[in-house]
Structures are given as C-alpha cells and as structure tokens.
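J.: with the input below, show me the fold.
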Amino acid sequence: MAQRSPRPDLRPYIRNYCGYSETAPGAVRRLEFPGPQIAVIIEFGPPVRVFDSGQRRSASPRPST
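T.: The predicted structure follows:
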C-alpha cells in the first residue's frame with residue numbers, strides 16, 4: 001500500500017491518494033461502510049465485478065450498471 005498527499009492546490013478537494021494491489025484465489029465478500037469519502041477504482045488487470053447485496057446471481061462491472 002502506498003499513500004501520498006495531493007499537490008497544495010488540490011488539497012481543498014482531495015484528502016489523499018492511496019494505492020494498493022489486491023489478489024485473491026477466488027471471490028471475496030466484503031462489506032463497505034458508508035463514509036464521507038469517494039473511492040475511485042482504476043483497473044490494470046482483470047475487471048472487478050460488483051454484486052449488489054440483493055442480487056446474488058448477477059454481477060456488474062460497475063455498481064451503476
């Protein structure tokens with residue numbers, strides 16, 4: 001995991017940058033708690049599939065689709 005502060009002119013809008021690499025041998029179930037921040041995921045490998053908690057059989061490449 002790597003973290004970095006934004007440039008001074010971006011600090012009113014961006015708290016910090018955090019990057020990491022994650023691998024798993026299979027599906028991972030995770031519960032994300034609400035918070036005041038926004039996570040932006042940029043994929044450089046296989047696509048991340050997101051399952052809605054009410055739809056266990058269908059996945060979406062993005063939560064909004």
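J.: mind listing the strands for the protein?
T.: Using DSSP state E, the strands of the chain run over 2-4, 17-19.
J.: so which of these is the most packed in?
T.: strand 17-19 (a mean of 11; mean count of other C-beta atoms under 10 Å). (Each C-beta comes from the backbone N, C-alpha and C, glycine too.)
J.: redo the strands of the chain as a markdown table? Include distance to Gly26 and mean pLDDT.
T.: Listed next are the strands of the chain as a markdown table, based on distance: least, C-beta to C-beta, whole Å; pLDDT from 0 to 100:
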| stretch | distance to Gly26 | mean pLDDT |
| --- | --- | --- |
| strand 2-4 | 26 | 90 |
| strand 17-19 | 23 | 85 |
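J.: for Phe44, find the nearest of the ones you listed.
T.: The closest of the strands of the chain to Phe44 is strand 17-19. By C-beta to C-beta, the value is 10.5 Å.
J.: that older thread, can I get the strands of the chain in JSON lines with distance to Arg11?
T.: Below are the strands of the chain laid out as JSON lines (distance: least, C-beta to C-beta, whole Å):
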{"stretch": "strand 2-4", "distance to Arg11": "12"}
{"stretch": "strand 17-19", "distance to Arg11": "12"}
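J.: closest to Gln37 out of the ones you listed?
T.: With C-beta to C-beta as the criterion, Gln37 lies closest to strand 17-19 of the strands of the chain, at 10.0 Å.
J.: who does that closest one pair up with?
T.: strand 2-4 (antiparallel) (DSSP bridges).
J.: phi first, then psi, for Val28.
T.: With angles defined as degrees, to the nearest 10, Val28 sits at phi -120, psi 130.
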